[in-house]
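Trainee: Sharing a model that was predicted from the sequence below.
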Amino acid sequence: YLHPSIIEMAAAYLYHLVENHPFVDGNKRVGAMAAIIFLDLNGYDFDATDADFTAMVLKVASGKMMKSEISMFFREHTHSR
């Protein structure tokens, strides 16, 4: 795998879907949901508030947050089942 952990893989999904803008509309929503669903499918619960998660995704979209910072956010707001 390119990324060494599930958390880092989820961060990559979010980051690249938001930054690369593959769709005409909904890139932030798709990136956010892809990461959360990926975490869920791999046995992780996500407990960030909607407000905190939205703020983080908007930082990614504005170029103010990198993959490593997204990984830290996910580490703080996920736990394995």
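Mentor: The structure has been received and is ready for your questions. Numbering: from 1, shown residues only.
Trainee: where along this protein do the strands fall?
Mentor: Assigned by DSSP state E, the chain shows strands spanning 44-46, 78-80.
Trainee: Adjacent strands (with direction) for the first one?
Mentor: Within its sheet, and counting by DSSP bridges, strand 44-46 is paired with strand 78-80 (antiparallel).
Trainee: if you average pLDDT over the partner strand, what comes out?
Mentor: Rounded to a whole number, the mean pLDDT of strand 78-80 is 97.
Trainee: where along this protein do the helices fall?
Mentor: 6-20, 27-41, 50-61, 67-77 (DSSP state H).
Trainee: Most tightly packed of those?
Mentor: Each of those was scored by mean neighbour count; the highest is helix 6-20, a mean of 20, by mean count of other C-beta atoms under 10 Å. Glycine gets a C-beta too; all of them are placed from N, C-alpha and C.
Trainee: Pull the contacting residues for the residue nearest to Y44 when sequence neighbours are not counted.
Mentor: Leaving aside its chain neighbours, Y44 sits nearest to T78 (4.5 Å; criterion: C-beta to C-beta, 6 or more residues apart in numbering). Contact partners of T78, counting by C-beta atoms under 8 Å, 6 or more residues apart in numbering, are 7, 39, 44-47.
Trainee: Please identify which of those is nearest to G63.
Mentor: Nearest to G63 among those is I7, at 21.6 Å by C-beta to C-beta.
Trainee: and the gap between that closest one and G31?
Mentor: 15 Å (C-beta to C-beta, to the nearest Å).
Trainee: Kindly reformat the strands of the chain as CSV containing distance to E69.
Mentor: Shown next, in CSV, are the strands of the chain (distance: least, C-beta to C-beta, whole Å):
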stretch, distance to E69
strand 44-46, 16
strand 78-80, 15
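Trainee: Most tightly packed of the ones you listed?
Mentor: strand 44-46 (a mean of 15).
Trainee: Show residues contacting it.
Mentor: So strand 44-46 is contacted by 6-7, 10, 36, 39-40, 53, 74, 77-81 (C-beta under 8 Å, 6+ apart).
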